[in-house]
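Q: Build me a model:
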Amino acid sequence: MAKINPDDLIEFTAAAAAATLTTSRKFIRNYNYYKKRAGQSEIIFKTDLLELCHKIRLDLFGLQNLLEDETKHRSPFIVTLASQINDAFEELHRKILFYDPDLIDQSIPLIDHQRTFWSQYTDENFYGPQLGNDIEHSISSEVIELETSIRKLPSSAEL
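A: Next up is the predicted model:
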């Protein structure tokens, strides 16, 4: 039987825990989404959208901190945070579509751009040295711009 280096064992265990956490969150999100009964209306509140933006900003901050720390650069939690950011943009996209198209025409391109970018989080080349710089400059400014446009929306929308 092959022996595993103790340092590799810790990383492997952390990676398994991170994958479990990421998958569990997706199952919870999907369960909550699909348990809605057909014919029932759903109300989306602007505060829910702003909370998603806040969560994205916190995850971006955490991811950037992990990327800047050389000792944690191989951490599986980098992928977990990127997955959470991707999922949050997916959820934000689904929920913002409850609003009238004329009200969200500036928000959708920003969300779609981020969804396209973060959908590559499973590619190992995604985590290159440019990612931290992108988070600090373009991504953070787009999230702030997105929050600003969401603040202009009515307090709720129903579908």
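
Q: after the worst-scoring helix or strand of the chain on mean pLDDT, next one along is what?
A: Lowest on mean pLDDT, DSSP states H and E among the helices and strands of the chain sits helix 6-34, with a mean of 65. Next helix or strand after helix 6-34 toward the C-terminus (DSSP states H and E): strand 43-45.

Q: just for this protein, where's the confidence low?
A: For the chain, the stretches with pLDDT under 70 are 1-19, 21-22, 25-39, 71-74.

Q: Helices of that one, start to end?
A: 6-34, 46-68, 76-96, 101-104, 107-118, 130-134, 140-151 (DSSP state H).

Q: okay if I get these as TSV plus distance to residue 124 and mean neighbour count?
A: In short, each C-beta sits where N, CA and C put it, glycine included. What follows is the helices of the chain, written out as TSV (distance: least, Cβ to Cβ, whole Å; neighbours: other Cβ atoms under 10 Å):
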stretch	distance to residue 124	mean neighbour count
helix 6-34	13	12
helix 46-68	14	17
helix 76-96	9	21
helix 101-104	34	12
helix 107-118	15	16
helix 130-134	12	14
helix 140-151	23	16
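
Q: how about those helices in TSV, adding distance to residue 40?
A: Shown next, in TSV, are the helices of the chain (distance: least, Cβ to Cβ, whole Å):
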stretch	distance to residue 40
helix 6-34	12
helix 46-68	17
helix 76-96	16
helix 101-104	23
helix 107-118	25
helix 130-134	40
helix 140-151	25
